[in-house]
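# here's a sequence, model it:
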Amino acid sequence: MPKLTREQLITHCVHGLQDFGYSAVNQENIFTDFVYSQFFIRMLKNGLGEGYDDLIQSLIQEVEEKQSKTL
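Numbers count the residues shown, from 1 in each chain. Below you'll find the predicted structure:
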C-alpha cells in the first residue's frame with residue numbers, strides 16, 4: 001500500500017468538495033468552515049479501515065478542535 005501523507009489526503013478531500021460544487025473550499029477553510037468541515041469529516045470517516053486510520057483520526061481530531069474554537 002502506498003504511503004499517503006497528510007497533505008495528500010487533505011488535497012484529495014478539497015478536490016472532492018470542489019468537484020461537488022464547493023469551489024471556494026481550500027486546504028485551510030476545510031478545517032474551519034462548518035459546512036466544509038462536516039463533509040471533510042464524513043469523507044475521512046469513509047476512509048477508515050483502509051490502512052490510514054491513525055492519519056484519519058488525527059485529522060478528524062484537528063477538525064473538531066478547530067471547530068470548537070470557531071463556535
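
# show me the contacts for Tyr22.
Val35, Tyr36, Phe39 (CB atoms under 8 Å, 6 or more residues apart in numbering). Quick note: C-beta positions are derived from backbone N, CA and C, even for glycine.

# swap that for Val25, sorry
Val14, Leu17, Gln18, Asp33, Tyr36.

# quick one: the helices in the protein?
In the chain, the helices defined using DSSP state H lie at 6-19, 29-32, 34-46, 53-70.

# counting by contacts, list what the third one packs against.
Spelled out, it's helix 34-46. On a contact count with 3 or more CB pairs under 8 Å, 6 or more residues apart in numbering; DSSP states H and E, helix 34-46 meets helix 6-19, helix 29-32, helix 53-70.

# quick one: which of those has the weakest pLDDT on average?
Lowest mean pLDDT within the helices and strands packed on helix 34-46: helix 53-70, at a mean of 92.

# residues of that helix that come out buried?
Leu55, Ile56, Leu59, Ile60, Val63, Gln67 (16 or more other CB atoms under 10 Å).

# would you turn the residues you listed into JSON lines with distance to Leu48?
Listed next are these as JSON lines, based on distance: CB to CB, whole Å:
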{"residue": "Leu55", "distance to Leu48": "10"}
{"residue": "Ile56", "distance to Leu48": "6"}
{"residue": "Leu59", "distance to Leu48": "11"}
{"residue": "Ile60", "distance to Leu48": "9"}
{"residue": "Val63", "distance to Leu48": "14"}
{"residue": "Gln67", "distance to Leu48": "19"}
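
# thinking again about what came up before, for PyMOL, write the select line for the buried members of the contacts of Val25.
Selecting only the buried entries of the contacts of Val25 in PyMOL, with 16+ other CB under 10 Å as the criterion:
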select buried, resi 14+17+33+36
